[in-house]
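Student: Need coordinates for the below:
(2 chains)
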Amino acid sequence: SQTIHQWPATLVQPVGSPLSLECTVEGTSNPNLYWYRQAAGRGLQLLFYSVGIGQISSEVPQNLSASRPQDRQFILSSKKLLLSDSGFYLCAWSGQDFGGYTFGSGTRLTVV
Amino acid sequence: AQSVTQPDIHITVSEGASLELRCNYSYGATPYLFWYVQSPGQGLQLLLKYFSGDTLVQGIKGFEAEFKRSQSSFNLRKPSVHWSDAAEYFCAVVAFSGGYQKVTFGTGTKLQVIP
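Tutor: Predicted structure coming up:
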């Protein structure tokens, strides 16, 4: 069966520090991969999606970047965190024949 | 562009009572619709989905939803709520463009269950 792993679960980082969040999917090939952010009291905002290795599309211009170095690995990064980057980050995958998202368990990022 | 509205930010129901969470969507074609549930500090879990066919969709945990095209609605229902149903619920609509599917989520409804 397919599983999605996201880590770390919780992260507290100072302003100006770098960020790297990792997401991996098991049990499937060539998934579509997504990064969402959920800010307090708000809905889910799509940040990046990828339909293949090295292919990244950005939905919202921001302080963050994404990379997909391997088929089932999706990384969210920042060179210098801002206070406004705080939030709950969710990775998700879908198959090519889209039947819905499967989400990871999320990373709670607090920038202090 | 598609959009989703969940008009209720918070809902409180008594355990054992029935539940209906509202969702209205805007989309030019036949929509693909989803309901997700999120427990505090957790990711989102798919409850049910509608792609086509029978407009009454059964999901996990005893939930169901009915697609009503005339009302552009996809309301979630449960006949008897359990305390473990306390969570946040998200409705979502999918648009397909250039081989890629874009999912738009509503802002969520937080459900509180009281004894």
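
Student: so what strands line up beside the least confident helix or strand in chain B by mean pLDDT?
Tutor: Counting by mean pLDDT, DSSP states H and E, the weakest-scoring helix or strand in chain B turns out to be strand B:100-105, with a mean of 81. Strand pairing for strand B:100-105, determined by DSSP bridges: strand B:87-97 (antiparallel).

Student: Which residues of chain A lie near chain B?
Tutor: A:6, A:32, A:42-44, A:46, A:49, A:51, A:57, A:90, A:92, A:94, A:98-106, A:108 (C-beta under 8 Å from any C-beta of the partner chain). (Glycine included, C-beta is placed from N, CA and C.)

Student: at 6 Å what do you get?
Tutor: Counting by C-beta under 6 Å from any C-beta of the partner chain, the positions of chain A adjacent to chain B are A:43-44, A:90, A:98, A:100, A:103-106.

Student: Of these, grab the buried ones for ChimeraX.
Tutor: Only the buried entries of those go into this ChimeraX selection, using 16 or more other C-beta atoms under 10 Å in any protein chain shown:
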select /A:43,44,90,98,100,103,104,106
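
Student: Identify, from the residues of chain A next to chain B, the entry nearest to B:Thr30.
Tutor: A:Phe98 (14.2 Å; C-beta to C-beta).

Student: which ones are touching that closest one?
Tutor: Counting by C-beta atoms under 6 Å, 6 or more residues apart in numbering or on different chains, A:Phe98 makes contact with B:Gln101.

Student: can you check the one 5 residues further on too?
Tutor: Contact criterion C-beta under 6 Å, 6+ apart gives A:90, A:92, B:43-44 as the residues in contact with A:Phe103.

Student: Could you do A:Leu33 as well?
Tutor: By C-beta under 6 Å, 6+ apart, the contact list for A:Leu33 reads A:50, A:74, A:93.
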